[in-house]
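Asker: structure for the following, please:
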Amino acid sequence: MVGSRLRSLDGREILIAGVAAGATGLVAFTAMHKLGSAGLLAPLAVVLVIVLLSKPLAMTVFVVGLTVVCEGPYFGLFTFTASLYTHPTVLNVLVALVVASVGIDLIRSRRAVRLPAVLALPLGILALAMLAGIATGHAAGVGLSTTVHKENVLAYLLFLPLAVANLDLDRRQVSLLLQGAYALAVFKAILGLIELGSGHGLSIERGAPLTYYEATSNWLIMIALLGIFTAVVARMRPPRWMLIGSPLLLACLILSYRRSFWIATVLGLLLVVLLALSPVGRRMLVPVGLLVAAAIWLLGSVNFQAQSPILRRATSLAPSSLTANLEDRYRLDERANVLNAIGEHPITGLGIQVPWAATFRGLPVDHKGEPRQYVHFAALWYWMKLGILGLVAYLMLLIGAAALAWRVWRRSHEPFGRAFGLASLCGLAGLAVAETTASFTGVDARFTVLFGAQLGLLGLIAGRVTSSDD
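Answerer: So this is what the prediction gives:
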């Protein structure tokens with residue numbers, strides 16, 4: 001009888017193995033038909049997804065980390081990583097898997113959904129603004145499916161913070177997660193410096209190669225730099241390996257030649273000094289600020305003959321240089337045309353996928369093939385695409401994020417959490433300034449994934465602080 005049971009058990013296992021092998025072969029065959037030889041990896045990907053769906057933290061780290069590591073087409077060291085963003089469906093699926101993984105875990109553990117109160121109203125208004133943008137765009141003649149599809153990046157802002165805020169993490173896991181994020185920033189800085197040193201970087205300022213052009217890596221590195229600066233100023237005694245990595249972060253950020261991130265970082269550092277130092281140290285903020293302003297004025301007024309691209313990039317911040325640079329003039333003329341278009345539709349905006357027209361002011365540069373869906377000013381982008389509700393949602397989202405960061409800084413009992421809170425708060429002030437020259441939040445897919453995860457992590461830490469206080 002024992003033998004018959006073993007034979008029966010073996011038969012069931014053989015049947016299960018046979019079904020699994022058949023399903024795997026079918027997936028591989030279908031994937032090869034669509035993707036070629038790369039389709040052989042499809043079964044492995046399916047298994048990986050199934051495993052990660054049961055582990056929401058691992059799924060979140062995998063997707064956010066993959067998005068940070070895989071650069072777009074402007075990164076010359078590893079050009080194959082840009083294929084991740086060739087079609088938006090890939091990133092959409094990855095973000096959906098994070099949301100699904102957290103949702104499954106909530107159902108399995110019977111935990112209530114947590115939504116940070118300060119984000120509830122901004123995200124609610126954003127959802128309404130997205131519906132308004134779809135309706136306005138459709139009324140202007142854009143297909144309904146097209147308008148819905150073009151709001152995929154905005155949807156990341158709705159769902160990613162909610163998903164990350166509902167991860168079930170203890171203090172140790174949160175601390176390790178923040179340390180891992182800092183290590184990732186140092187790793188990206190090293191890659192960026194290798195890119196520059198090997199000559200693979202995108203060229204700017206008379207052929208000078210840079211580290212990172214896209215906003216995602218610069219934002220991660222800037223937040224990490226503000227975090228370590230906070231820890232030093234507030235005397236939190238950060239680990240030595242973090243201190244060793246900080247010069248790499250600074251060098252990579254400077255050599256990105258992104259003027260908006262330079263300004264954002266300087267503003268963030270000054271705010272860290274203001275908020276983290278003692279009252280005696282805060283008195284030094286005014287003279288330091290005056291010195292920085294004087295240095296910027298000198299850089300903009302003195303005619304340097306040096307060939308350093310850093311000096312050339314810094315002197316281009318002067319107002320006289322902005323009118324001489326064709327790309328800077330384009331941004332100013334673009335803004336004038338968009339403001340004129342918004343003035344004609346101040347309540348509804350233009351709608352999703354409806355382009356602006358250069359009817360108010362001519363453009364100094366003709367960007368061929370550009371559908372004029374973009375504007376180098378995030379607040380105007382939201383107003384143009386989603387109407388007045390979109391502008392309100394954008395402003396309230398920044399305010400809500402700042403309130404979360406402030407709560408984490410003031411009330412968290414963990415050094416890494418407090419440093420992350422103040423770094424995020426001061427970084428948000430810099431982001432608000434940087435987004436007057438470019439649009440990232442809800443517009444750039446990679447940046448929005450990272451920013452959404454950051455909001456969610458702030459909400460998670462703030463929720464733990466509130467529950468421990470209760």
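Asker: for the rest of this, base every contact and every neighbour count on C-alpha atoms.
Answerer: OK.
Asker: how many neighbours does Val90 have?
Answerer: Using other Cα atoms under 10 Å, Val90 has 13 other residues around it.
Asker: same deal with the one 4 residues further on?
Answerer: Leu94 is surrounded by 19 other residues when neighbours are defined as other Cα under 10 Å.
Asker: next one: the one 10 residues further on
Answerer: Ile104 is flanked by 15 other residues according to other Cα under 10 Å.
Asker: next one: Pro247
Answerer: Residue neighbour count, defined by other Cα under 10 Å, stands at 14 for Pro247.
Asker: contacts for stretch 331-348 next, please.
Answerer: 132-133, 136, 349-350, 356-363, 375-377, 380, 383-384, 386-388, 437 (Cα atoms under 8 Å, 6 or more residues apart in numbering).
Asker: buried ones among those residues?
Answerer: Buried residues within these, counting neighbours by 16 or more other Cα atoms under 10 Å: 132-133, 136, 349-350, 356-358, 363, 375-377, 380, 383-384, 386-388, 437.
Asker: can you give me the helices for the stretch 251-400 of the chain?
Answerer: 259-276, 279-282, 285-301, 309-315, 319-324, 326-344, 378-411 (DSSP state H, counting those that start in this stretch).
Asker: so which of the contacts of stretch 331-348 are in strands?
Answerer: Judged by DSSP state E, strands contain none of those.
Asker: what residues does stretch 408-422 touch?
Answerer: Stretch 408-422 is contacted from outside by 171, 174-175, 178-179, 223, 227-228, 230-231, 236, 272, 404-407, 458, 461-462, 465, using Cα under 8 Å, 6+ apart.
Asker: let's see which of those residues end up in strands.
Answerer: Judged by DSSP E, strands contain none of the contacts of stretch 408-422.
Asker: for stretch 113-132, which residues meet the burial criterion?
Answerer: Under the neighbour-count criterion of 16+ other Cα under 10 Å, stretch 113-132 has 115-116, 118-119, 122-123, 125-132 buried.
Asker: closest one to Thr441 out of these, please.
Answerer: The nearest member of the buried residues of stretch 113-132 to Thr441, counting by Cα to Cα, is Leu126 at 12.4 Å.
Asker: so the closest one, which state does it fall into?
Answerer: Three-state assignment for Leu126 (DSSP: H, G, I helix; E, B strand; the rest coil): helix.
Asker: that one contacts Leu391, doesn't it?
Answerer: No: judged on Cα atoms under 8 Å, Leu126 makes no contact with Leu391 at a distance of 9.1 Å.
Asker: where in the chain is pLDDT low?
Answerer: Scanning the chain for pLDDT under 70 picks out 1-49, 51, 204-208, 278-328, 362-371, 465-470.
Asker: domain ranges for it?
Answerer: 8-53, 55-469 (automatic domain parsing).
Asker: which of those is buried the deepest?
Answerer: Mean neighbour count (mean count of other Cα atoms under 10 Å) peaks for domain 55-469 among the domains of the chain, with a mean of 19.
Asker: can you give me the distance of Ile107 to Leu57?
Answerer: Between Ile107 and Leu57 the computed distance is 15 Å (Cα to Cα, to the nearest Å).
Asker: so which residues of the stretch 101-250 of the chain form strands?
Answerer: Using DSSP state E, counting those that start in this stretch, the strands found in the stretch 101-250 of the chain span residues 203-204, 208-209.
Asker: distance check, the residue lying closest to Arg372 once chain neighbours are set aside against Pro346.
Answerer: Of all residues beyond its chain neighbours, the one nearest Arg372 is Pro355 (5.1 Å), with distances taken as Cα to Cα, 6 or more residues apart in numbering. Pro355 sits at a distance of 15 Å from Pro346 (criterion: Cα to Cα).
Asker: list the contacts of Leu220.
Answerer: Contacts for Leu220 (Cα under 8 Å, 6+ apart) come out as Ala185.
Asker: let me fix that, I meant to ask about Leu391.
Answerer: When contacts are counted by Cα under 8 Å, 6+ apart, Leu391 is found next to Ala379, Leu380, Tyr382, Trp383.
Asker: name the nearest residue to the first one, sequence neighbours excluded.
Answerer: When you say that, I think you mean Ala379. Excluding the flanking residues, the one nearest Ala379 by Cα to Cα, 6+ apart is Leu391, at 5.8 Å.
Asker: the one you found and Ala378, how far apart?
Answerer: In terms of Cα to Cα, Leu391 sits 9 Å off from Ala378.
Asker: kindly report the same for Ala357.
Answerer: Remark: distance between Ala357 and Ala378 (Cα to Cα) = 18 Å.
Asker: likewise for Val233?
Answerer: Distance of Val233 to Ala378, computed by Cα to Cα: 32 Å.
Asker: again with Val449
Answerer: As judged by Cα to Cα, Val449 and Ala378 stand 16 Å apart.
Asker: again, but for Leu52
Answerer: From Leu52 to Ala378 the distance is 34 Å (Cα to Cα).
Asker: what sits against Ala401?
Answerer: Ala401 neighbours (Cα under 8 Å, 6+ apart): Val118, Leu119, Leu425, Leu428, Leu455.
Asker: what sits closest to the spatially most central residue of the chain if chain neighbours are left out?
Answerer: The centroid of the chain falls nearest to Phe447 when counting by Cα atoms, centre = their mean (2.5 Å). Sequence neighbours aside, Thr216 is the residue nearest to Phe447 in space, at 4.6 Å (criterion: Cα to Cα, 6+ apart).
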